[in-house]
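[1] quick one, what's the 3D model for this:
(chains A, B, C and D)
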There are 2 protein chains.
Amino acid sequence: MMQATETQTIARKSLHHELVDRLQMLIINAELAPGTKVPEKLLCDQFGVSRTPLREALKVLASVGLVRLEPNRGAWVTQVTEDEVEEVFPVLGALEALSGELACKRITDAEIEEVRALHEQMMQSYENRDLDAYFSINQKIHRAILMAARNSTLTTSCQALSLRMQRARYLANMTEGRWYDAVQEHEKILKYLVARDGPKLAATLLDHMDAKRISVVRWLQAREATPEVS
Amino acid sequence: MMQATETQTIARKSLHHELVDRLQMLIINAELAPGTKVPEKLLCDQFGVSRTPLREALKVLASVGLVRLEPNRGAWVTQVTEDEVEEVFPVLGALEALSGELACKRITDAEIEEVRALHEQMMQSYENRDLDAYFSINQKIHRAILMAARNSTLTTSCQALSLRMQRARYLANMTEGRWYDAVQEHEKILKYLVARDGPKLAATLLDHMDAKRISVVRWLQAREATPEVS
DNA sequence: TGACTTAATTATGAATTCAAAATTACGTTG
DNA sequence: CAACGTAATTTTGAATTCATAATTAAGTCA
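    Next comes the predicted model:
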């Protein structure tokens, strides 16, 4: 009746587009380690593609800052630096604040219920001290608010910057105290979303992002002071 | 003593990077018309390059939304739609507001003087009803504020979105009334920058962008109602 | 003539090839 | 044996080639 769906899935996007996604994943999960060279040949073999589409994908990744292209020396996975964090988080904050603002105007009751459900799941993860689950749900909440803003340009911009900050689980570092604070912030986020109070939600998201920035910078600084672990 | 600088300049960036810039220019100046197909072969001939680097450049341009890639049907120059304008301007507004906020914290007295000089030039252009000069200087002012914010991520994000809105001189359409208002807004922008009043500057830039959005949408709507001119 | 097939042509996506640059391996000399 | 210089190897950037999909042109039949 129909071909295997996998064939369709692979055929759906062009090769280079598929590769952009795959490479992004590898970089975010630090399977391609920050600061290392992108092993072009190896990846071609692994994905079973030629260098042409892979290199096309690398150009795209370079344009969003996930890799750096050095003339005649290939592509290198970029590292998250303190300077970069200080730059990206304020921008991300402004964009998330806008998403909150817009979401309050456009979100449906059903969508609010979805966020509430996610929020409760997240709280459960907090109780269980299950950091992986907490982060996964956390991201879903932010994405849900972004979706409710009904602005694909905003979505794209936000996600591009988020990706850069998501690398190597940098965000997964939380002290007990920071985790508690983050949870409190999320209570406010839900409250203002339910109340559809745009300005207050925007302000809270901005604070939330700023607190995250401080936490990440602190961790990077501690990391820097520590001798490199293999 | 040294090679011709042009050789250096050409050698500095890779071919695909150079092509990204060139194609961007062609699209912004509508030499590649919105809605038309990107003439791959012709451009290769004109630039004297093979398809490989040109196609790499097209993938990058697609990722920022200046072209759309249709599977097996090539690259098409995207059109500025009303929906897109309604999406992009709020995001650009949030980013410019942030740039104003940050600029007030970081701008030097010398830089403020530069902006003031640009502002005066722009006013002169307004007196002379020289729209081209006005727009050129206008952009320089916004860029100067952006530079003063000292945030390259913000700069990149802003410029990517600005590019999309700059296409085909859409912004160059102004009624006499809108032009007057824009000039008033710019007086406020300068005033708050000089006073280093971040919040007020941010708010003014936001309003400025919103007014621009309305003006552009109005023009697009009028355009839509008009039978197509060659 | 005008709609529909089918064949020729062209354009696209991706693999391959090739020249030039960078890296590595090796040998030489102080 | 350590530093330098040179040759072999690998990698990179870009041109070329090739299979396939899309478009155009030509031919057929009502």
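[2] okay, CA-based contacts and neighbour counts for the rest of this
    Will do.
[3] which secondary structure elements does the top helix by length along chain A contact?
    Longest helix in chain A, counting residues (DSSP state H): helix A:198-225. The contact analysis (3 or more Cα pairs under 8 Å, 6 or more residues apart in numbering or on different chains; DSSP states H and E) places helix A:198-225 against helix A:82-106, helix A:176-194.
[4] next, the buried residues of that helix.
    For helix A:198-225, the neighbour count (16 or more other Cα atoms under 10 Å in any protein chain shown) marks A:198-206, A:208-213, A:215-217, A:219-220 as buried.
[5] in chain A, which residue sits nearest DNA strand D?
    Chain A approaches DNA strand D most closely through A:N72 (3.5 Å), counting by Cα to the nearest atom of the strand.
[6] so how far is stretch A:34-53 from its chain's centroid?
    Taking Cα atoms, centre = their mean, to the nearest Å, the mean C-alpha location of stretch A:34-53 is offset from the chain mean by 23 Å.
[7] can you give me the end-to-end span of it?
    22 Å (Cα to Cα, to the nearest Å).
[8] can you check stretch A:41-55 too?
    11 Å.
[9] repeat for stretch A:147-155
    Terminal residues of stretch A:147-155 lie 7 Å apart, using Cα to Cα.
[10] what ranges of chain A fall below the confidence cut-off?
    A:1-12, A:168-172, A:226-230 (pLDDT under 70).
[11] which parts of it sit against DNA strand C?
    A:14-16, A:48-53, A:71-73 (Cα under 7 Å from any atom of the strand).
[12] of those, which belong to helices?
    Among the residues of chain A next to DNA strand C, the ones falling in helices (DSSP H) are A:15-16, A:51-53.
[13] write the PyMOL selection for whichever of those are buried.
    Buried subset of these, written as a PyMOL selection, criterion 16+ other Cα under 10 Å:
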select buried, chain A and resi 15+16+52+53
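[14] near chain B, which of the ones in helices among the residues of chain A next to DNA strand C show up?
    Filtering these for proximity to chain B by Cα under 8 Å from any Cα of the partner chain leaves A:T52.
[15] state the pair within the ones in helices among the residues of chain A next to DNA strand C that is farthest apart.
    Largest separation among these by Cα to Cα: A:L15 and A:R51, giving 11.2 Å.
[16] so what's the closest residue to A:R213 other than its chain neighbours up against?
    Nearest-residue entry for A:R213: A:F89, 6.0 Å, with adjacent residues in sequence omitted and distances by Cα to Cα, 6 or more residues apart in numbering or on different chains. Each residue near A:F89 by Cα atoms under 8 Å, 6 or more residues apart in numbering or on different chains is listed here: A:209-210, A:213.
[17] B:E187: which of the residues you listed is nearest?
    Distances from B:E187 to the contacts of A:F89, taken by Cα to Cα, are shortest for A:D210, at 31.7 Å.
[18] residues near A:A195, how many?
    12 (other Cα atoms under 10 Å in any protein chain shown).
[19] an error on my part: the question was meant for A:V88.
    Look at A:V88: counted by other Cα under 10 Å, it has 20 neighbours.
[20] quick check: angle from whichever strand or helix holds A:S125 to helix A:176-194?
    For A:S125, the enclosing helix or strand under DSSP states H and E is helix A:109-127. Using axes from the mean of the first three to the mean of the last three Cα atoms, to 10 degrees, the direction of helix A:109-127 lies 170 degrees away from that of helix A:176-194.
[21] now the angle from helix A:109-127 to helix A:82-106?
    Using the same axes, to 10 degrees: helix A:109-127 against helix A:82-106 is 140 degrees.
[22] for helix A:109-127, name the packing helices and strands.
    Using 3+ Cα pairs under 8 Å, 6+ apart, the elements in contact with helix A:109-127 are helix A:131-148, helix A:176-194.
[23] give me the buried positions along the shortest one.
    Residues A:131, A:134-135, A:137-138, A:140-148 are the ones in helix A:131-148 that count as buried (16+ other Cα under 10 Å).
[24] got the contact list for A:C104?
    A:149, A:193, A:196-198.
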